[in-house]
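the sequence isn't on hand, but the structure is:
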């Protein structure tokens, strides 16, 4: 056994050190759970743990991701040492090796990007600009907008191109406008970064081009929607005929931009933030072409920097890592290599991961938990005090038709048309991005594939798909501290059960209400349902706004509300599912804790996280999740089961009066 694998197994074993599976040595016994559940469960770990220099945060989910990375590295190195390999295995080995060959990248310097930079410099017209922007979009290397292929909300049986606002490289529009000293300094450092990369590529006026790019991005940021509005599926479902865009949003050659991506072959697109796209188009003729060329160059160089020589990688890391997030060191190169294989050959390496690291028993046990959660939700909907009978009937139908996908897909993607060359890292990236773009465009010609997975089995995440009414739980999620096939049920329900319950809740919340069981857009709430939910929302918004992780920076309730609703519903239904599983019997006491207590302790354990302050600042502005401590404490303090389990009383710090507790499900 390799030393790193042994260390990881020991780390996982710490989670299973006690009879219950609780990590008792991390408990802070000087704190009462009734006052601070998060600190009680995680206090000693928080005190003893330093965030690794190559991380912006560290905690339970990162620990899992690190274990997955180590497993994948072992698989890749095993393939490299094997005497023979299949074509897919050779692609994995060669892609990984192309990033690990630092000597070759140093020898090449800026050479891999010189041809494309030459094309950018040769732009002579607005049409040329649009065509080059479209090409860069097709290889995900600096185009003006992010895009994907999703389901047309007006016709859920046909895919459609969805476009999202973009054009800026700082994390959020507020970074361009806030007058706080920290944000002013970030903008100064950003301009310095642009000057550096323009100097490395020998532009004629690096400092002048950098100033022009920052000014242009500031104008684009002013046109962007707030994050909370951009997450609203109703506000962002705006269909347009591609042929109408030149008249409705003049100034940008939409067809020249669409053609390199194959978007010209589809009649309609969704512009998630129409006013932004109109403002972008108007800026094109109003801004000097030289500025647009510098802007494209900045985006292309930044996208390419991780795959170039050390000078480019260091420049990018110093700003986007060290300045923006407080990260102290780049990620280890082997982890970056694993990430590259994950990104572009995800199913090829994922299939090997499942074969080598996943058990069939885990899949069966997880399916049983999902079945229990579904039963609990059925009862919860039936007893919901604020849903009208008609809304309840639709919710029950939607729940009955829910599809669950656990661990890995039934059909694997193949990469036979993708060329991977061991000595051509940037070429590999660009060909892989074009391969992905072409695959997305090909999906436009046929109805959505119900077997399609949006993530790989080695992804540490889970999701609910509104369009297909499905929950997806990848294999990587099915390990401690989230899950173990033979773990105490209370631990599993408090961890993976609550996470799956969170995803289930999205089928019935302020977004799920607008999609029926077939994924058709239809608001199945009545006005009285919406009013009752809004009353509960207001109380939850007040709780979120009262949480101040950094001086002067509170949690943005509008931004985080939907995911907080998911947490509240998820933990509530997980608690109910666990209670039902007892079948009227008292829960067993293990390690001095009842099953009900172990469930809440397990919940607090999965949010164990430390964050660097610059990253937390970015999180609060742009991330739709509340900070981990609130997810642990704020959610539990609303559930009557928490009060019963721990005997929480008035005067305890986590106590909320019954009228202040938010109960949705």
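Nice, thanks for sending it over. No experiment lies behind these values; they were computed from the predicted model shown.

at the geometric centre of this protein, which residue do we find?
Closest to where the C-alpha atoms of the chain average out (C-alpha atoms, centre = their mean) is residue 461, at 7.8 Å.

check the secondary structure at that residue for me.
Of the three states, residue 461 takes coil under DSSP: H, G, I helix; E, B strand; the rest coil.

from memory it sits against residue 475, does it?
No - because the distance of 11.7 Å does not satisfy C-beta atoms under 8 Å, residue 461 is recorded as not touching residue 475. Any C-beta I mention is one placed from the backbone N, CA and C, and that applies to glycine too.

now do the contacts for residue 512.
Taking C-beta atoms under 8 Å, 6 or more residues apart in numbering, we find residue 512 in contact with 398, 464, 466, 505, 506.

could I get those in TSV, plus columns for secondary structure?
Below are these laid out as TSV (three-state DSSP):
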residue	secondary structure
398	helix
464	strand
466	coil
505	helix
506	coil
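
I'd like to know which of the residues you listed is nearest to residue 147.
residue 466 (18.6 Å; C-beta to C-beta).

which residue packs closest to the closest one, ignoring adjacent ones?
Excluding its sequence neighbours, the residue lying closest to residue 466 (C-beta to C-beta, 6 or more residues apart in numbering) is residue 515, at 4.8 Å.

show me the beta-bridge partners of the one you found.
residue 521 (DSSP bridges).

distance check, it against residue 250.
34 Å (C-beta to C-beta, to the nearest Å).

likewise residue 657?
Residue 657 sits 57 Å away from residue 250 when distances are taken as C-beta to C-beta.

cool, and residue 479?
53 Å.

more neighbours, those two?
Shown here are residue 479 and residue 250; by other C-beta atoms under 10 Å, residue 479 has more neighbours (22 against 13).

am I right that residue 150 falls within a strand?
Yes - counting by three-state DSSP, residue 150 is part of a strand.

which residues does it contact?
159, 160, 162, 270, 467.

would you list these in a markdown table and tack on neighbour count, pLDDT and distance to residue 78?
Formatted as a markdown table, the contacts of residue 150 follow (neighbours: other C-beta atoms under 10 Å; pLDDT from 0 to 100; distance: C-beta to C-beta, whole Å):
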| residue | neighbour count | pLDDT | distance to residue 78 |
| --- | --- | --- | --- |
| 159 | 24 | 80 | 38 |
| 160 | 19 | 86 | 42 |
| 162 | 21 | 90 | 39 |
| 270 | 22 | 92 | 44 |
| 467 | 19 | 85 | 38 |
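
which of those residues sit farthest apart?
Pairwise distances across these peak at 12.4 Å for 270 and 467 (criterion: C-beta to C-beta).

for residue 516, give its distance to residue 466.
Counting by C-beta to C-beta, the gap from residue 516 to residue 466 is 10 Å.

got a winner among the contacts of residue 512 for most neighbours?
residue 505 leads the contacts of residue 512 on contacts (other C-beta under 10 Å) with 26 neighbours.

okay, residue 467 and residue 442: tell me how far apart.
The gap separating residue 467 from residue 442 is 18 Å, by C-beta to C-beta.

who's in contact with the residue nearest to residue 506 when sequence neighbours are not counted?
Leaving out its chain neighbours, the residue that sits closest to residue 506 by C-beta to C-beta, 6+ apart is residue 464, at 4.3 Å. Neighbouring residues of residue 464 by C-beta under 8 Å, 6+ apart: 470, 471, 472, 503, 504, 506, 507, 512.

one more pass at 7 Å, please.
Neighbour list for residue 464: 471, 503, 504, 506, 507 [criterion: C-beta atoms under 7 Å, 6 or more residues apart in numbering].

next: residue 550.
Residue 550 neighbours (C-beta under 7 Å, 6+ apart): 613, 616, 617, 620.

ok, it to residue 476 distance?
Look at residue 550 and residue 476: by C-beta to C-beta, they are 31 Å apart.

domain-wise, how is this structure divided?
7-49+358-411+451-660, 130-307 (automatic domain parsing).

what about residue 614, neighbour count?
Residue 614, neighbours per other C-beta under 10 Å, totals 18.

likewise residue 529?
Close neighbours of residue 529, defined as other C-beta under 10 Å, add up to 19.

the helix or strand hosting it packs against which elements?
Secondary-structure element containing residue 529, defined by DSSP states H and E: helix 527-545. Applying 3 or more C-beta pairs under 7 Å, 6 or more residues apart in numbering; DSSP states H and E, one finds that helix 527-545 contacts helix 557-581.

could you measure from the closest residue to residue 499 other than its chain neighbours over to residue 623?
Counting by C-beta to C-beta, 6+ apart, residue 462 is the residue found nearest to residue 499 once chain neighbours are left out, at 5.8 Å. Look at residue 462 and residue 623: by C-beta to C-beta, they are 17 Å apart.

and if you look at residue 660?
Distance, residue 660 to residue 623, by C-beta to C-beta: 26 Å.

okay, these two: which has more neighbours?
Counted by other C-beta under 10 Å, residue 660 and residue 623 do not tie: residue 623 has more neighbours, with 18 against 12.

and the more buried one, how far is that from residue 631?
In terms of C-beta to C-beta, residue 623 sits 12 Å off from residue 631.

now swap in residue 593 and tell me
Relative to residue 631, residue 593 is positioned 21 Å away (C-beta to C-beta).

low-confidence ranges in the stretch 1-150 of the chain?
Low-confidence segments of the stretch 1-150 of the chain (pLDDT under 70): 1-18.

re earlier: which residues touch the helix holding residue 529?
The contact list for helix 527-545 (C-beta under 7 Å, 6+ apart) reads 386-388, 391, 510, 554-555, 557, 560-561, 564, 626, 634, 660, 662, 664.

got a list of what residue 453 touches?
Applying C-beta under 7 Å, 6+ apart to residue 453 gives the contacts 405, 409, 472.

I'd like the residues you listed laid out as TSV, including neighbour count.
Formatted as TSV, those follow (neighbours: other C-beta atoms under 10 Å):
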residue	neighbour count
405	21
409	19
472	23
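
now pLDDT and distance to residue 485 too, for the residues you listed, in a markdown table please.
Formatted as a markdown table, these follow (pLDDT from 0 to 100; distance: C-beta to C-beta, whole Å):
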| residue | pLDDT | distance to residue 485 |
| --- | --- | --- |
| 405 | 97 | 18 |
| 409 | 96 | 20 |
| 472 | 97 | 19 |
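
make a markdown table out of these and add secondary structure and distance to residue 351.
A markdown table is the format used below for the contacts of residue 453 (DSSP: H, G, I helix; E, B strand; the rest coil; distance: C-beta to C-beta, whole Å):
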| residue | secondary structure | distance to residue 351 |
| --- | --- | --- |
| 405 | strand | 15 |
| 409 | coil | 9 |
| 472 | strand | 17 |
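
so which of the residues you listed comes closest to residue 235?
Nearest to residue 235 out of the contacts of residue 453 is residue 472 (C-beta to C-beta; 25.3 Å).

all strands of the stretch 551-665 of the chain, in order?
Assigned strands in the stretch 551-665 of the chain, in chain order: 609-611 (criterion: DSSP state E, counting those that start in this stretch).

now do the strands in the chain.
With DSSP state E as the criterion, the chain has strands at 57-59, 146-152, 155-164, 239-241, 268-271, 403-407, 463-465, 470-474, 609-611.

gap between residue 599 and residue 213?
Separation of residue 599 from residue 213 (C-beta to C-beta): 52 Å.

which one of these two has more residues nearby?
Neighbour comparison, residue 599 and residue 213: the larger count goes to residue 599, with 30 against 24 (by other C-beta under 10 Å).

do I have it right that the more buried one meets residue 578?
Yes - judged on C-beta atoms under 7 Å, residue 599 makes contact with residue 578 at a distance of 5.6 Å.

give me the common contacts of the two.
Common neighbours of residue 599 and residue 578 (C-beta under 7 Å, 6+ apart) are 490, 493.

okay, now the nearest residue to residue 114 once chain neighbours are set aside: neighbour count?
Closest residue to residue 114 apart from its sequence neighbours, by C-beta to C-beta, 6+ apart: residue 201 at 8.0 Å. Residue 201 has 18 neighbours, counted by other C-beta under 10 Å.

what mean pLDDT does stretch 223-233 have?
Taken as a whole, stretch 223-233 carries a mean pLDDT of 89.
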